[in-house]
Structure formats: structure tokens, C-alpha cells
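Engineer: Fold the following.
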Amino acid sequence: MLEAASTVFAQYGFENATMNRIAEGCGITKATIYAYFRDKESLYRVVMDGHLDGLPAAEVDLPNSAPTAKALQRILEGIARLAEHPGCRAFCQALERSGHDRSIYFARWETVLHPFLALAARTFANAPPQLEMWDDGETFIRLVAEEHGLPRGPSPMFRRGMAEALVVQACPLR
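Structural biologist: As a prediction, the model looks like this:
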């Protein structure tokens, strides 16, 4: 039932998902769904919370002295791993297509991304000011621009200007 609901919410979003579509997706009656969930909203919350709870943990523990390229590579790998996770894809699709509880789930999404953003901020703040680092900065900007299909959120977490500002801060032109 939860798998069918996940598929329907990812495909149609909360507002356009119906209990009939969910019931059809798992081969049961709508009444059976209502025996477990009092309404579509409670089912949506269980599905979305389940996606978030099942996401892989961010593995970004690096010492402050870690080379910039290694830290940026860790960010790229971590976000790519997150974006490839089926629960993440379903969560992101449902979130992008839904207006219901949007701010709540974007806030929770920001919590998932926070370790990557914190590492990026620390990395660029501690980077030596040398032009050779521009290649790594461009990789980071591409990561931000492409967004791996991940939602932006209501606050500008993946704002290109933020990435460029971090690169400029780390690599001032002389």
C-alpha cells in the first residue's frame, strides 16, 4: 500500500493523487486504505516521512585540513548517492509536484542537505587563495546548477550566486 501510494504521490503530487489511484496501484479497495489511514493527508505524511527516514546518511566527516579537492569530491559523491536513492527520487518528485505541507518537507529536506552545505562552506572558507582551485570551484558550481534533480526548497540553499561567492571568497583574483 505504501509503495503504491509513493508511486502515485511521486507521479501526481498530493493534490492530484487520489485514493482510487492508490488502491488500483496495489490491487485493493479504497475502503481498505481507509481502514489503515483516515485520509489522504495522513497517508501522504507516512509516505514522505518514510522516504526521509530511509535516506542514506551524509558521510562528510573530514578534518578542517582536508584538501579542497577531496572535500568537494566528497560533496559530489554524497549528493550523487543521495540523488540516486529510490526513496530520495520519489520524495523529491512528490515534493516538487505537491503544495501540501510543502514548507514542512522543504525544511526537513534542508536538514538532509545541511551536512553537505556546511562542508562546502567550510571548504571554501578554508581554501588557499590560488587560481588552480577554479577547476574544483567549477565542479561545485555545476553541482549546484544541475542540482541532481533535487528540489531547491523555499530558501535559496542551492543559489548559484552563493556558490560563486564561495568560489570568489576562496580564490580571489589578483
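Engineer: Where do the domain boundaries of the chain fall?
Structural biologist: 2-52, 57-170 (automatic domain parsing).
Engineer: tell me which strands and helices the top helix by length along the chain is in contact with?
Structural biologist: Among the elements of type helix in the chain, defined by DSSP state H, the one spanning the most residues is helix 102-126. Contacts of helix 102-126 with other secondary structure elements, assessed using 3 or more C-beta pairs under 8 Å, 6 or more residues apart in numbering; DSSP states H and E, are made with helix 40-53, helix 68-84, helix 86-97, helix 134-146, helix 160-170. In short, each C-beta sits where N, CA and C put it, glycine included.
Engineer: Could you dump the domains of the chain into a markdown table and include mean pLDDT?
Structural biologist: Below are the domains of the chain laid out as a markdown table (pLDDT from 0 to 100):
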| stretch | mean pLDDT |
| --- | --- |
| domain 2-52 | 96 |
| domain 57-170 | 72 |
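Engineer: Double-check residue 14 against residue 96; I have them as touching.
Structural biologist: No. With the criterion set as C-beta atoms under 8 Å, residue 14 and residue 96 do not qualify as a contacting pair; they are 11.1 Å apart.
Engineer: More neighbours: these two, which one.
Structural biologist: residue 14 (22 against 14; other C-beta atoms under 10 Å).
Engineer: Tell me who's in contact with the more buried one.
Structural biologist: Counting by C-beta atoms under 8 Å, 6 or more residues apart in numbering, residue 14 touches 40, 41, 44, 94, 97, 98, 99, 100, 101.
Engineer: Which among those residues count as buried?
Structural biologist: Among the contacts of residue 14, those classed as buried by neighbour count (16 or more other C-beta atoms under 10 Å) are 40, 44, 94, 97, 98, 100, 101.
Engineer: Now the two most distant members of those residues.
Structural biologist: 40 and 97 (14.2 Å; C-beta to C-beta).
Engineer: The most centrally placed residue in the chain and residue 15, how far apart?
Structural biologist: When the chain is reduced to its mean C-alpha position, the closest residue under C-alpha atoms, centre = their mean turns out to be residue 150, at 4.8 Å. Going from residue 150 to residue 15 by C-beta to C-beta, to the nearest Å gives 21 Å.
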